[in-house]
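1. how would this look folded up:
(chains A, B, C and D)
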Protein chains: 2
Amino acid sequence: MLKPPFPDPRPQVAQSALFQGLPPEAMDALCAAAAFKEVPRASYFLYQGEPATVFYILLQGRVRLTQVTPEGHQVIVTVLGPGDGLGIIVALSQTNYPVSAEAIEDSTALAWTAATIQQSMLEYPQLALNGMNLLARRFVELQDRFRELATERVERRVARAVLRLVRQAGKRTPEGVLIDMPLSRQDLAEMTGTTLYTVSRILSDWEQKGLVSTGRERVVLRKSHELVIIAEDLPEPNPTKS
Amino acid sequence: MLKPPFPDPRPQVAQSALFQGLPPEAMDALCAAAAFKEVPRASYFLYQGEPATVFYILLQGRVRLTQVTPEGHQVIVTVLGPGDGLGIIVALSQTNYPVSAEAIEDSTALAWTAATIQQSMLEYPQLALNGMNLLARRFVELQDRFRELATERVERRVARAVLRLVRQAGKRTPEGVLIDMPLSRQDLAEMTGTTLYTVSRILSDWEQKGLVSTGRERVVLRKSHELVIIAEDLPEPNPTKS
DNA sequence: CGCGTTCTTGACTAGAATCAATGCATGTGG
DNA sequence: CCACATGCATTGATTCTAGTCAAGAACGCG
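-> Numbering: from 1, shown residues only, chains lettered A, B, ... in the order given. Okay, the predicted model is just below:
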């Protein structure tokens, strides 16, 4: 973890929702107080259960938040990208991190200690409001996924997960829209509360129907419209006798 | 919705986590700006999908937050009690309420508009920190339940829900610990992502084993230890050959 | 006392988990 | 450059949890 000086992060930082509407001197102060952290692929920013002491803003890369049950089952709570906050929990409470954060690509982030961030929030209240905003957004999304998990079938949950990932990390290619990150069947299973076998069957099925094409840790969406139909359970467009 | 004057809420308000550590003049200002709202059992504070404009702190009663899917399935996201914040989302964003809030007992609350609460947070940053704190607590709880739903069997989920409710609204009686609110099988089903039939079977089973006694919209926990064993899947205390 | 809820129970079904075997890529080291 | 080890993916067979549907019982309210 470097102390300043390091490449001036302000251009990137200015984008992040956390810093919107802050007076310039606040930005300067925060950047000065920040540390710079690089985490290579497959390494961790922080571990579930450790005392929450550091708060990050992701600059580059992608990070996935996971929880493990006492029995060892893993669940992927979310995947974060540039601009997202990591360990928001820290800003306030004397708790432990509720999740682990693993870089699934080489990543860089700015880091602050809990004390610093709290201090700054008291000094620049807009920062606290922005923090709440970030947290609230994530909260609402989690609520939606909770409801999904409680009420919907596996296939639809997987469809939604794929659409979410496309929105988050989609990249146009001649083939279709590629989900631009390593994404195994196991990963999808852990995002949707199912097993890797079931995900594999579902993707095979979709592939046969031409909706996606898949490879090792790779998913390309070809007919997004039809996937949306599955995700939302719209009536089939072709009129069939039942 | 009354404007002041109404019974001075300060004694109760002072308890709420939202107001900890605020200077006294802040408390005065907030109480002066508050409106007082009474909602009888089975009526709603707010509805999912409406623009989020009002923020509440519950003074008395119990409120349940529900989400409905487009298909009409309902999910109970949480049950709130006195001191909890309702519509925290409001504090910041131009969004709609993500859930509906129904009073399951006659309830009273203090109410602020979005503008007021934002204003106050800018003026008294500690208020914003406290708000984040509330939100973060709920966030972590939701994450845990999400993981439960993704990885655990129905019986265990129901066991956990019952234990949570006991913690939240438990009341000692000669019979055991009563969950002191109306609680139907349907409600438990909507909290745990299952059906009322399955909940009924599970409770019947537990009742036969003497773990609980139940009635119409009533659950009394008799042997909490054994329910914990189910909830945590500890090994059975009696050594059995398999 | 009748009516509307809520709850119970049984029979049946289906969706998805589990288990097991095998096939493919990918990267490694001889 | 090929053989191999490893990790990821596919597929089939089987099991089982929990959902669905249907009928009726019990409770509490007006």
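
2. counting contacts, what elements does the helix or strand hosting A:Val177 pack onto?
-> Taking DSSP states H and E as the definition, A:Val177 sits inside strand A:176-179. Where contact means 3 or more CB pairs under 8 Å, 6 or more residues apart in numbering or on different chains; DSSP states H and E, strand A:176-179 is packed against helix A:154-169, strand A:170-173, strand A:218-221. For every residue, glycine as well, the C-beta is placed using N, CA and C.

3. A:Val39 pairs with what?
-> Taking DSSP bridges, one obtains A:Ser107 as the residues bridged to A:Val39.

4. Wait, it touches A:Ile104, no?
-> No - look at A:Val39 against A:Ile104 with CB atoms under 8 Å: they stay out of range, at 10.4 Å.

5. Give me the common contacts of these two.
-> A:Gly61 (CB atoms under 8 Å, 6 or more residues apart in numbering or on different chains).

6. Compare those two (neighbour count), which wins?
-> Using other CB atoms under 10 Å in any protein chain shown as the criterion, A:Val39 and A:Ile104 rank with A:Val39 on top: 21 against 17.

7. And the more buried one, how far from DNA strand D?
-> Relative to DNA strand D, A:Val39 is positioned 19 Å away (CB to the nearest atom of the strand, to the nearest Å).

8. likewise A:Ile57?
-> On the measure of CB to the nearest atom of the strand, A:Ile57 and DNA strand D end up 29 Å apart.

9. next one: A:Gln208
-> Going from A:Gln208 to DNA strand D by CB to the nearest atom of the strand gives 8 Å.

10. same deal with A:Arg164?
-> A:Arg164 sits at a distance of 18 Å from DNA strand D (criterion: CB to the nearest atom of the strand).

11. just A:Leu92 next, same as before
-> Plainly put, A:Leu92 is 36 Å away from DNA strand D if you go by CB to the nearest atom of the strand.

12. can you check A:Leu59 too?
-> Between A:Leu59 and DNA strand D the distance is 26 Å, computed by CB to the nearest atom of the strand.

13. residue contacts, the residue lying closest to that residue once chain neighbours are set aside?
-> Excluding the flanking residues, the one nearest A:Leu59 by CB to CB, 6 or more residues apart in numbering or on different chains is A:Thr108, at 4.7 Å. Applying CB under 8 Å, 6+ apart to A:Thr108 gives the contacts A:36-39, A:58-61.

14. circling back to that earlier point, generate CSV for the helices and strands packed on strand A:176-179, with mean pLDDT as supplementary columns.
-> What follows is the helices and strands packed on strand A:176-179, written out as CSV (pLDDT from 0 to 100):
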stretch, mean pLDDT
helix A:154-169, 97
strand A:170-173, 95
strand A:218-221, 97
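
15. Tell me which of the ones you listed sits nearest to DNA strand C.
-> Closest approach to DNA strand C among those (CB to the nearest atom of the strand): helix A:154-169, 3.7 Å.

16. mind exporting the closest one as PDB, just the C-alpha atoms?
-> Provided in PDB are the C-alpha atoms of helix A:154-169 (Å, rounded to 0.1, in the frame of the first residue of the first chain):
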ATOM      1  CA  VAL A 154     -33.800 -21.000 -11.200                       C
ATOM      2  CA  GLU A 155     -33.800 -20.400 -14.900                       C
ATOM      3  CA  ARG A 156     -35.200 -17.000 -14.500                       C
ATOM      4  CA  ARG A 157     -32.800 -16.100 -11.800                       C
ATOM      5  CA  VAL A 158     -29.900 -17.200 -14.000                       C
ATOM      6  CA  ALA A 159     -31.300 -15.100 -16.900                       C
ATOM      7  CA  ARG A 160     -31.500 -12.100 -14.600                       C
ATOM      8  CA  ALA A 161     -28.000 -12.600 -13.400                       C
ATOM      9  CA  VAL A 162     -26.700 -12.800 -16.900                       C
ATOM     10  CA  LEU A 163     -28.600  -9.600 -17.900                       C
ATOM     11  CA  ARG A 164     -27.200  -7.800 -14.900                       C
ATOM     12  CA  LEU A 165     -23.700  -8.800 -15.700                       C
ATOM     13  CA  VAL A 166     -24.100  -7.700 -19.300                       C
ATOM     14  CA  ARG A 167     -25.300  -4.300 -18.100                       C
ATOM     15  CA  GLN A 168     -22.300  -4.100 -15.800                       C
ATOM     16  CA  ALA A 169     -19.500  -5.600 -17.900                       C
END
